[in-house]
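J.: No letters, just coordinates:
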């Protein structure tokens, strides 16, 4: 039995067009796929984030603050 490849996509925040593409990848099941995001939404974004429509594995990464800077850790 051959193990499936595992792919992680890491981005600052989810957007509707990305989630649509990620859902297609998840539906195909050709490889294990997970999306990592730094934040749920960024200031100034005009869309809502509705994780209930997502068919992909995802996570929001924890943030550590050092001074004014935020570092995200997978």
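T.: Yep, that arrived. Values in this document were obtained by computation on a predicted structure and should not be read as measured data.
J.: Adjacent strands (with direction) for the helix or strand bottoming out on mean pLDDT in the chain?
T.: Of all the helices and strands that make up the chain, the one with the lowest confidence by mean pLDDT, DSSP states H and E is strand 69-72; it has a mean of 84. On the basis of DSSP bridges, the sheet neighbours of strand 69-72 come out as strand 63-66 (antiparallel).
J.: Tell me which residues of the strand it pairs with come out buried.
T.: By neighbour count on 16 or more other CB atoms under 10 Å, the buried set for strand 63-66 is empty. (Glycine included, C-beta is placed from N, CA and C.)
J.: That one: how far from the chain's middle?
T.: For strand 63-66, the distance from its own C-alpha centre to the chain's C-alpha centre is 19 Å (CA atoms, centre = their mean, to the nearest Å).
J.: again with stretch 62-74
T.: The chain centroid and the centroid of stretch 62-74 are separated by 17 Å, computed with CA atoms, centre = their mean.
J.: ok, residue 15 - how many residues close by?
T.: Neighbourhood size, residue 15 [other CB atoms under 10 Å]: 16.
J.: Would you mind measuring from the closest residue to residue 11 other than its chain neighbours to residue 54?
T.: In space, not counting the residues next to it along the chain, residue 11 is nearest to residue 37; the distance is 6.0 Å by CB to CB, 6 or more residues apart in numbering. Using CB to CB, to the nearest Å, one gets 11 Å for the distance from residue 37 to residue 54.
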